[in-house]
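> This is the structure alone, sequence omitted:
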């Protein structure tokens, strides 16, 4: 498929791909309902929510999400200028302080702004740079745009606080959002030929809870960044065409997490498979992808010469979950996941202090 670069971060990422794979193996193991932070009565299959003794502060919207995975390519000038731009956009201003013309071109690019402030993609355009000041123009009435942007922030906050708690560890945030997205989002190809950011983009996916792999990966990555977890959209050529997922960093180690292949939103009998959660490079290869074709999608469109070895995924601590294990619950007091094996046996997996 070919999409215009003017259709958001993920539209830009989709430019050079030939397809978006949604195919997954059809085998599945019988399990009970997927729940998070719940205790399961395995005889009655009823669930009860585990009460927490202390209330935590709610998560709030972070307009300045940061991706340290880009640090070797993006300087402090890039981030400072991007944040100045984002602050200007959220205030409805027409100018922002910017470090230089090259930085101006980077941070006003649709792919960048669509990744780090999704509702702005294609609706806030560059309008010239001079003497340290960048100009922007809005493609809809400002009051309408600001209302749209505020609605996006409110929805992001709602999802975050429904999926995770502010005192969760990075791993728990990854697990909580993975569980939330796979239960509430649906794979939907119907809007792929839409001609605007409301049809096909990270923004569209987050607001509609529908999308294809690049949109879903963008949504998961963005929500993780909102929680302070290092993540970015990643992809590669596979047996079913080009496909996108999310590259995540926990405790300094990289992993591949693919929510698209385990979505079950809308299926009342659906369960969450952990097969594609926190995989290694070798496991991704065994899924049908070519290691030489792996791409850091937030980089390659503007810097094709980056070092691909910067993003390894070699730690196999989660491999026991990848034999068609299905998620049942997460115990944040004991730092473990309860899951069901492909043989229907309930087991526990300790994630320690991740």
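Happy to help now that I have it. Everything quoted here is computed from the prediction, not taken from an experiment.
> need the helices for the stretch 101-250 of the chain, in chain order.
For the stretch 101-250 of the chain, the helices defined by DSSP state H, counting those that start in this stretch cover 101-107, 110-116, 142-163, 170-184, 202-208, 213-226.
> for these, which one ends up most surrounded?
Highest mean neighbour count of the helices of the stretch 101-250 of the chain: helix 213-226, a mean of 28 (counted as mean count of other CB atoms under 10 Å). In short, each C-beta sits where N, CA and C put it, glycine included.
> Domain map for the chain?
For the chain, automatic domain parsing gives the domain ranges 9-55+166-350, 68-144.
> how near is residue 97 to residue 128?
Computed as CB to CB, to the nearest Å, the residue 97 to residue 128 distance reads 14 Å.
> which secondary element of the protein has the worst mean pLDDT?
Ranking every helix and strand in the chain by mean pLDDT, DSSP states H and E puts strand 46-49 at the bottom, with a mean of 36.
> any residues touching the very next helix or strand once past it, and which ones?
Going down the chain from strand 46-49, the next helix or strand is helix 76-91, by DSSP states H and E. Contacts to helix 76-91, defined as CB atoms under 8 Å, 6 or more residues apart in numbering, come from residues 63-64, 66, 94-100, 103-104, 106-108, 112-113, 116-117, 120, 124, 134, 136, 146, 149.
> following helix 76-91, which helix or strand comes up?
According to DSSP H and E, the helix or strand after helix 76-91 is strand 95-97.
> so what strands line up beside that next one?
Strand 95-97 pairs in its sheet with strand 133-138 (antiparallel), by DSSP bridges.
> Surely residue 335 and residue 348 touch.
No - the criterion here is CB atoms under 8 Å, and residue 335 misses it with residue 348 at 10.3 Å.
> Looking at the two now, which is surrounded by more residues?
Neighbour count, other CB atoms under 10 Å: between residue 335 and residue 348, residue 335 has more, with 16 against 12.
> quick one, what contacts that one?
169, 350, 351, 352, 353.
> follow-up on the earlier one: can you tell me which of the domains of the chain the model trusts least?
Lowest mean pLDDT of the domains of the chain: domain 9-55+166-350, a mean of 83.
> where's the longest strand along the chain relative to the chain centroid, distance-wise?
Counting by DSSP state E, the longest strand found in the chain is strand 241-250. Averaging C-alpha positions (CA atoms, centre = their mean, to the nearest Å) puts strand 241-250 9 Å from its chain's average.
> Now do it: which elements does it pack against?
helix 170-184, helix 213-226, strand 231-238, strand 253-257 (3 or more CB pairs under 8 Å, 6 or more residues apart in numbering; DSSP states H and E).
> ok, back up a step: may I see the domains of the chain arranged in JSON lines, with distance to residue 157 as well?
Below are these laid out as JSON lines (distance: least, CB to CB, whole Å):
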{"stretch": "domain 9-55+166-350", "distance to residue 157": "9"}
{"stretch": "domain 68-144", "distance to residue 157": "14"}
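> Compare those domains and give me the one nearest residue 160.
Taking CB to CB, domain 9-55+166-350 is the member of the domains of the chain nearest to residue 160, at 6.0 Å.
> coming back round to it: who wins on neighbours among the contacts of residue 335?
residue 351 (20 neighbours).
> so what's that residue closest to, chain neighbours aside?
Distance criterion CB to CB, 6 or more residues apart in numbering; nearest residue to residue 351, sequence neighbours excluded, is residue 171 at 5.0 Å.
> For that neighbour, list the residues it contacts.
Counting by CB under 8 Å, 6+ apart, residue 171 touches 250, 351, 354.
> Reformat those as TSV; add distance to residue 219.
What follows is the contacts of residue 171, written out as TSV (distance: CB to CB, whole Å):
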residue	distance to residue 219
250	19
351	23
354	22
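> which one among those residues gets closest to residue 287?
Minimum distance to residue 287 across the contacts of residue 171 is 20.0 Å, recorded for residue 250 (CB to CB).
> what about the closest one, neighbour count?
Look at residue 250: counted by other CB under 10 Å, it has 21 neighbours.
> separation between the residue nearest to residue 254 when sequence neighbours are not counted and residue 119?
Using CB to CB, 6+ apart and skipping the chain neighbours, the partner closest in space to residue 254 is residue 313 (4.4 Å). Per CB to CB, residue 313 is found 31 Å from residue 119.
> So for these two, which sits in the more crowded spot?
Neighbour count, other CB under 10 Å: between residue 313 and residue 119, residue 119 has more, with 28 against 22.
> List the beta-bridge partners for the residue lying closest to residue 247 once chain neighbours are set aside.
Excluding the flanking residues, the one nearest residue 247 by CB to CB, 6+ apart is residue 234, at 3.9 Å. Under DSSP bridges, the beta-bridge partners of residue 234 are residue 245, residue 296.
> residues near residue 234, how many?
Neighbouring residues of residue 234 were enumerated by other CB under 10 Å; the total is 27.
> Quick check: it vs residue 300, distance?
Distance, residue 234 to residue 300, using CB to CB: 10 Å.
> again with residue 229
22 Å.
> higher neighbour count, those two?
residue 229 (21 against 15).
> For that one, which non-adjacent residue is spatially closest?
Nearest residue to residue 229, sequence neighbours excluded (CB to CB, 6+ apart): residue 170, at 4.9 Å.
> residues in contact with that neighbour?
227, 228, 229, 250, 251, 354.
> Between all of these, which two are separated the most?
Within these, two members stand farthest from each other by CB to CB: 227 and 251, at 15.3 Å.
> Quick check, residue 280 in contact with residue 319.
Yes - counting by CB under 8 Å, residue 319 is a contact partner of residue 280 at 7.4 Å.
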